[in-house]
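> Can you look at this prediction? I've put the sequence above it.
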Amino acid sequence: MTNAFFRKDGTAQGVAKQRLIETLAEPHKRVINDPYADRFVPGSGLLKLMGHKLNVRLSQKLAPGFHEHLIARTRFIDDLIKDCADGGSEQYVILGAGYDSRAHRLDIPSTLKIFEVDQLEVQARKRSKLPKDLPNAGSVTYVSVDFNHQSLTEQLLAADFDQSKSTVFTLEGVSQYVTKDAITSTINELAVLTQGTSSTFFMSYVDKRLDTDPEDCFGKGYPKAAKRAELIKGLSAKVGEPWISFYTAEEVEGLFSENGFSVVENRTVADLNAAYFAPVGRALPEDQIMKLEHFVVGRS
């Protein structure tokens, strides 16, 4: 793994912004709730004044379904972590934690030990913005890694990671920004680290068809799909985080299998629309659905 995993925070701010916007919805209309997101979003006061509906409407003009796409990914992982904790997982490792707040906003047992992995400066910035007396604060261990000089495995073990305990790992919204070699190396390291016990690994990836046949990555009738695909990639590149790696489902399944993980779920917003947005009266029509990013769960 290289320090490219944790070099920037532009996209971390962007995802926090969408979590804030969703939190502004009326409680019975929310898909997720993040009471800490505003601390990491420049201009959060203005967003609060605008409210949920106006913010989402503006997002729809830029790229229909973009807000819901990121919220669906957040909710999918939220549910995974709660299910893993209820199912006996004893440790949770958040790779490239950034401004993640699951340790504090989810209803998970305090016995679940959480390791947040990121660069020291990112962690310092995050901790300076969080309030005191956070829920589950005692369950969180911050693991800073300088990948020019340090090993992820060594740093986790030095932070009292227990190789004999069942663990869930998440790598959210990262794979498109780094080389495939870096991803392969990381998954291999996690497999070796937990070879003596069961583990769960989540990774999101961008569909290779976004480059070769972008219309296949959107719902039927999605407006200007190819142009919107280039816009999304271009915005990411402008903040210094270009998308460089794209995958097929077969490629990801092979990568997981080679490291002892069996893929048990591979979802997109198209699969989650009915479960997340329909119950709160916000089901997306087909022409607003993004299928460009997949949410994959593997178990060893």
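Ah, there it is. Please read all numbers here as calculations on a predicted model, not as lab measurements.

> give me every residue that touches the residue nearest to Gly219 when sequence neighbours are not counted.
Closest residue to Gly219 in three dimensions, ignoring its sequence neighbours and counting by C-beta to C-beta, 6 or more residues apart in numbering: Ile289, at 3.4 Å. All C-beta spots, glycine's among them, are computed from the backbone N, C-alpha and C. Going by C-beta atoms under 8 Å, 6 or more residues apart in numbering, Ile289 touches 65, 218-219, 222, 269-270, 273.

> need the contact list for the spatially most central residue of the chain.
Averaging the C-alpha coordinates of the chain gives a centre point, and the residue nearest to it by C-alpha atoms, centre = their mean is Glu172 (2.8 Å). By C-beta under 8 Å, 6+ apart, the contact list for Glu172 reads 73, 77, 96, 100, 202, 204.

> Tell me the buried residues in the host helix or strand of the second one?
By that I understand Ile77. Taking DSSP states H and E as the criterion, Ile77 maps to helix 66-86. Of the residues in helix 66-86, those with enough neighbours to count as buried (16 or more other C-beta atoms under 10 Å) are 66-78, 80-82, 84-85.

> Over to stretch 153-160?
155-156.

> Repeat that for stretch 204-220.
By 16+ other C-beta under 10 Å, the buried positions in stretch 204-220 come out as 204-210, 214, 217-219.

> Mind putting the residues you listed into JSON lines with distance to Arg299?
Formatted as JSON lines, those follow (distance: C-beta to C-beta, whole Å):
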{"residue": "Ser204", "distance to Arg299": "17"}
{"residue": "Tyr205", "distance to Arg299": "17"}
{"residue": "Val206", "distance to Arg299": "23"}
{"residue": "Asp207", "distance to Arg299": "22"}
{"residue": "Lys208", "distance to Arg299": "24"}
{"residue": "Arg209", "distance to Arg299": "26"}
{"residue": "Leu210", "distance to Arg299": "27"}
{"residue": "Pro214", "distance to Arg299": "31"}
{"residue": "Cys217", "distance to Arg299": "27"}
{"residue": "Phe218", "distance to Arg299": "30"}
{"residue": "Gly219", "distance to Arg299": "30"}
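
> Identify, from these, the entry nearest to Glu241.
Val206 (12.6 Å; C-beta to C-beta).

> gap between the closest one and Phe115?
26 Å (C-beta to C-beta, to the nearest Å).

> for the nearest residue to Tyr99 once chain neighbours are set aside, what are its contacts?
Of all residues beyond its chain neighbours, the one nearest Tyr99 is Phe40 (4.2 Å), with distances taken as C-beta to C-beta, 6+ apart. Under the criterion of C-beta under 8 Å, 6+ apart, the contact list for Phe40 reads 12-13, 16, 99, 126, 129.

> ok, now Leu210?
For Leu210, the residues meeting the contact criterion (C-beta under 8 Å, 6+ apart) are 217, 229, 233, 246, 292.

> any idea how far it lies from Val280?
From Leu210 over to Val280 (counting by C-beta to C-beta), the distance is 28 Å.

> Could you report the neighbour count for the nearest residue to Gly65 once chain neighbours are set aside?
In space, and not counting its chain neighbours, Gly65 is closest to Gln288: 4.2 Å by C-beta to C-beta, 6+ apart. Other residues within reach of Gln288, judged by other C-beta atoms under 10 Å, total 21.
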